[in-house]
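Novice: I'd like to go over a predicted model; first the sequence, then the structure.
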Amino acid sequence: MKFVKVNMSEKSVQFQEVPKDYVGLGGRGLTSVMINAEVPPKCDPLGSENKLIFAPGLLSGTNLVNTSRLSIGAKSPLTGTIKESNAGGTVAAALGHLGITAIIVEGQAARGDLSILRIDEKGEANLLPAQAYKGMRTYAFAKKLLEAYGEKTAILCIGPAGESQLTAASVQTTDIDGRPCRAAGRGGLGAVMGAKGLKAIVVDQRGKSADAIADPKAFNEAAKAFAQTIKAHPFSGQMLPALGTAGLVAPVNSLGAFPCYNATKGVLEGWEKISGENMAKIITERGGKTAHMGCAQCVVHCSNEYVDKQGKYVTASLEYETIWSMGGMTGITDLDTIAKLDYLCDDIGLDTMSTGVAVAVAMDAGQAKFGDGEAAIRMVEEVAKGTEFGKVLGNGPAAVGKHLKHHRVPVVKGQSIAAYDPRGMQGNGVTYATCPMGADHTAGNVIGDYLGGALDPLKPDGQVAASRNSQIAMASVDTMGLCLLASVVLKTPEGGEAFLKALNAKLGTNLGPEAIPAFGIKVLQAEREFNRKAGFTSKDDRLPEFFYKEPLPPHNKVFLISDVDLDSTFNF
Ligand code: SF4
């Protein structure tokens with residue numbers, strides 16, 4: 001257990017034993033507790049006082065499947081709140097194999113100065129000059145890094161958007177094939193990395209100094225049982241490998257909750273063309289891959305490789321939230337165009353969700369017609385070119401709304417909503433409003449309750465409790481490093497039991513089931529405390545006015561949850 005502490009002002013790298021206050025934390029649990037304790041809440045997110053923390057989950061780097069999430073935390077330049085954004089790929093497992101609990105980046109390099117942090121097979125870490133890579137897009141950059149440091153290198157990097165400190169900038173990370181196609185997209189953490197002067201972190205995947213497992217035999221038994229439950233579950237074992245997350249396009253449109261044409265309708269005309277079913281058909285016909293192991297240790301394979309008519313790689317992985325933002329919100333129903341936009345965002349280093357919604361706001365404000373794919377591509381390219389409009393677009397939908405004086409801007413605390421309209425899925429609206437990190441698709445999604453029939457998505461009853469439970473559960477899952485898509489099995493008796501056994505065997509503890517939500521509550525308390533100190537109040541836990549005033553077809557509902565009920569979400 002050790003921290004790698006990087007000071008960009010001094011260009012120094014040091015190792016530190018994990019202080020006792022942070023022992024037993026990982027992933028989002030570690031990033032959020034540490035930011036709350038150590039980052040001045042009112043600091044400039046793009047200044048030297050902010051810290052950028054990279055933390056594998058508590059179980060990352062073990063042989064427990066689907067635990068390859070890496071949490072990245074900082075004060076967000078997009079929302080001004082505390083922020084954690086996590087990504088899959090290969091870095092979390094690589095850090096786990098080296099016994100590295102977190103990389104903590106402090107200070108700030110001189111403006112324009114760029115470095116790479118390299119951690120080699122033995123765990124030695126050095127800052128190296130990166131001026132030669134200035135302005136480089138992520139695909140070309142990752143290729144160069146793999147040539148320089150070898151194929152067994154896991155990469156985190158930023159593109160031109162991060163270097164320009166635009167607040168929709170992502171941190172891109174490599175999949176198992178070395179492509180920088182996975183993203184910690186939300187919250188503008190790529191801009192924080194750019195402000196620090198860090199172009200990339202490269203980690204050798206061949207480390208052999210992982211932290212010891214307290215009871216390896218019990219751990220291996222539990223890990224085997226856990227993998228079996230994931231493969232046997234209809235969602236993680238059947239739907240995701242067949243259709244990926246894009247399998248949600250059909251059910252969410254059927255529920256009338258697919259925000260489209262900048263959240264003015266709940267069903268997209270021609271949604272069938274961008275459905276998971278049609279995507280799988282196109283990929284199969286062209287010889288691409290409908291199921292792909294995007295992240296280390298994954299047995300679900302929700303990823304895909306989208307190819308063009310000639311069978312040439314376009315992007316990986318084309319996912320539900322991107323299909324929605326670049327398709328539903330913009331009215332674009334051509335998957336080839338959406339795939340191109342996904343690739344462009346990954347290459348420039350932009351959050352696909354914020355960027356798609358920013359394009360949709362621009363279209364709604366009259367800059368282009370809904371459905372105009374060429375206009376959307378042109379707008380996104382402007383970000384890389386650094387034009388005046390490109391700079392506005394790269395700062396996300398709120399910046400576009402302000403620039404164009406447009407009222408309909410679907411953001412909370414500056415961050416765009418996700419692919420579930422709060423008027424058609426009221427509980428997701430509670431999460432958007434109250435989540436300490438702005439509107440978010442992973443921090444408390446209630447869709448499982450609607451699809452399973454446990455809750456009516458259109459009625460206010462039960463929505464606050466559903467959001468609360470989901471937010472607590474996700475804060476725990478993000479602490480463990482477990483992929484959200486595999487975490488569905490925690491709700492089954494066998495899955496929950498196997499996971500708890502593995503956790504206890506790893507830590508040498510005897511925790512009961514109540515310990516899992518306790519992690520989540522601790523994380524949410526730290527996040528809310530940071531936000532309070534930063535000046536946020538319950539008045540910030542609200543949706544934009546138009547969600548309360550403009551009914552969403554086809555159900556013609558507005559958002560119905562009262563302020564008093566929203567303020568009761570965190571009753572702990
Ligand atoms: S299910 Fe998908 S996102 Fe999750 S670990 Fe596997 S490939 Fe990555």
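Specialist: Cool, got the structure. Numbering: from 1, shown residues only.
Novice: and the residue of the stretch 51-200 of the chain nearest the ligand?
Specialist: Closest to the ligand within the stretch 51-200 of the chain is Gly88: 3.8 Å, counting by C-beta to the nearest ligand atom. C-beta here means a position set from N, CA and C on the backbone, and glycine is covered the same way.
Novice: count of neighbours near that residue?
Specialist: 30 (other C-beta atoms under 10 Å).
Novice: contacting residues around the closest residue to it other than its chain neighbours?
Specialist: Leaving aside its chain neighbours, Gly88 sits nearest to Cys295 (3.4 Å; criterion: C-beta to C-beta, 6 or more residues apart in numbering). For Cys295, the contacting residues are 66, 68-69, 88-90, 175-176, 182, 303, 483, by C-beta atoms under 8 Å, 6 or more residues apart in numbering.
Novice: try Ile417
Specialist: 259, 263, 357, 410-411, 432, 439 are the contacts of Ile417 under C-beta under 8 Å, 6+ apart.
Novice: which of those residues lies closest to the ligand?
Specialist: For these, the nearest to the ligand is Ala439 (20.5 Å; C-beta to the nearest ligand atom).
Novice: now the phi/psi pair for that closest one, please.
Specialist: phi -60, psi 140 (degrees, to the nearest 10).
Novice: wait, it sits on Ala419?
Specialist: No. Between Ala439 and Ala419 there is no contact under C-beta atoms under 8 Å: 11.0 Å.
Novice: so what's in contact with these two at the same time?
Specialist: Common neighbours of Ala439 and Ala419 (C-beta under 8 Å, 6+ apart) do not exist.
Novice: residues from the stretch 351-500 of the chain in reach of the ligand?
Specialist: Within the stretch 351-500 of the chain, the positions lying close to the ligand (C-beta under 6 Å from any ligand atom) are 483, 485-486.
Novice: highest neighbour count among those?
Specialist: Neighbour-wise, those (other C-beta under 10 Å) top out at Ala486, 29 neighbours.
Novice: ok, the residue nearest to that one when sequence neighbours are not counted - contacts?
Specialist: Counting by C-beta to C-beta, 6+ apart, Asn66 is the residue found nearest to Ala486 once chain neighbours are left out, at 3.7 Å. Taking C-beta under 8 Å, 6+ apart, we find Asn66 in contact with 230, 295, 297-300, 482-483, 485-486.
Novice: repeat that with 7 Å
Specialist: Applying C-beta atoms under 7 Å, 6 or more residues apart in numbering to Asn66 gives the contacts 230, 297-300, 482-483, 486.
Novice: adding secondary structure as columns, could you present those in CSV?
Specialist: Listed next are the contacts of Asn66 as CSV, based on DSSP: H, G, I helix; E, B strand; the rest coil:
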residue, secondary structure
Ile230, helix
Gln297, coil
Cys298, coil
Val299, coil
Val300, coil
Leu482, coil
Cys483, coil
Ala486, coil
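Novice: scan these and report the most crowded one.
Specialist: Result: Ala486 is most packed of these (other C-beta under 10 Å), 29 neighbours.
Novice: any idea how far Ala475 is from that one?
Specialist: 16 Å (C-beta to C-beta, to the nearest Å).
Novice: what number of residues lie near the closest residue to Gly349 other than its chain neighbours?
Specialist: Among residues not flanking Gly349 along the chain, Gly159 sits closest, at 2.7 Å (C-beta to C-beta, 6+ apart). For Gly159, the neighbour count with other C-beta under 10 Å is 30.
Novice: re the thing from before, OK, contacts around the residue of the stretch 51-200 of the chain closest to the ligand?
Specialist: 68-69, 182, 294-295, 483.
Novice: repeat that for Gln463.
Specialist: Contacts of Gln463 by C-beta under 7 Å, 6+ apart are 426-427, 430, 561.
Novice: what's the helix ranked longest in the chain packed up against?
Specialist: Using DSSP state H to define each element, the chain has its longest helix at helix 515-534. The helices and strands touching helix 515-534, judged by 3 or more C-beta pairs under 7 Å, 6 or more residues apart in numbering; DSSP states H and E, are helix 27-38, strand 82-87, helix 463-480.
Novice: now, of those, which is deepest in the fold?
Specialist: Counting by mean count of other C-beta atoms under 10 Å, strand 82-87 has the highest mean neighbour count of the helices and strands packed on helix 515-534, with a mean of 28.
Novice: contacts for that one?
Specialist: 27-28, 31-32, 35-36, 69-76, 173, 182-187, 189, 436-437, 478, 527, 530-531.
Novice: pLDDT below threshold where in the stretch 251-400 of the chain?
Specialist: For the stretch 251-400 of the chain, no stretch is flagged by pLDDT under 70.
Novice: ok, which stretches of it are strands?
Specialist: 289-292, 303-307, 313-315 (DSSP state E, counting those that start in this stretch).
Novice: closest to Thr569 out of those strands?
Specialist: strand 303-307 (32.8 Å; C-beta to C-beta).
Novice: parallel or antiparallel, which strands does that closest one pair with?
Specialist: strand 289-292 (antiparallel), strand 313-315 (antiparallel) (DSSP bridges).
Novice: output those as TSV; include the columns distance to Thr387 and mean neighbour count.
Specialist: As requested, these are exported to TSV (distance: least, C-beta to C-beta, whole Å; neighbours: other C-beta atoms under 10 Å):
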stretch	distance to Thr387	mean neighbour count
strand 289-292	35	20
strand 313-315	24	19
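Novice: need those in TSV (columns: distance to the ligand).
Specialist: Shown next, in TSV, are the strands paired with strand 303-307 (distance: least, C-beta to the nearest ligand atom, whole Å):
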stretch	distance to the ligand
strand 289-292	7
strand 313-315	14
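Novice: I'd like the ones you listed laid out as CSV, including distance to Phe547.
Specialist: Compiled in CSV, those are given as follows (distance: least, C-beta to C-beta, whole Å):
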stretch, distance to Phe547
strand 289-292, 35
strand 313-315, 31
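Novice: and Glu381, how many residues sit next to it?
Specialist: Residues near Glu381, counting by other C-beta under 10 Å: 13.
Novice: what residues are up against it?
Specialist: Here Glu381 is in contact with Leu344 (C-beta under 7 Å, 6+ apart).
Novice: go with 10 Å
Specialist: 344, 348, 387, 390 (C-beta atoms under 10 Å, 6 or more residues apart in numbering).
Novice: any idea how far Gly162 is from it?
Specialist: 17 Å.
Novice: hmm, back to that, which of the contacts of Glu381 fall in helices?
Specialist: 344, 348, 390.
Novice: skip the chain neighbours and tell me the closest residue to the first one.
Specialist: This points to Leu344. Val380 (5.0 Å).
Novice: wait, that neighbour sits on Ser325?
Specialist: No. At 11.5 Å, Val380 does not count as touching Ser325 under the criterion of C-beta atoms under 10 Å.
Novice: who touches both of those two?
Specialist: Joint contacts of Val380 and Ser325 (C-beta under 10 Å, 6+ apart) are 341, 345, 352, 355-356, 358-359.
Novice: and the residues you listed, which two are furthest apart?
Specialist: Leu341 and Ala358 (11.9 Å).
Novice: more neighbours, the two?
Specialist: Ala358 (31 against 28).
Novice: check contacts around the closest residue to Leu455 other than its chain neighbours.
Specialist: Spatial nearest neighbour of Leu455, excluding adjacent residues (C-beta to C-beta, 6+ apart): Asp449 at 4.1 Å. For Asp449, the contacting residues are 425, 427, 455-457, 462-463, 465-467, 469-470, by C-beta under 10 Å, 6+ apart.
Novice: and Asp449, helix, strand or coil?
Specialist: helix.
Novice: quick check: phi and psi on the residue in the stretch 451-572 of the chain that the ligand sits nearest to?
Specialist: Here the stretch 451-572 of the chain gets closest to the ligand at one residue, Cys483, 3.3 Å apart by C-beta to the nearest ligand atom. Main-chain dihedrals, Cys483, degrees, to the nearest 10: phi -70, psi 130.
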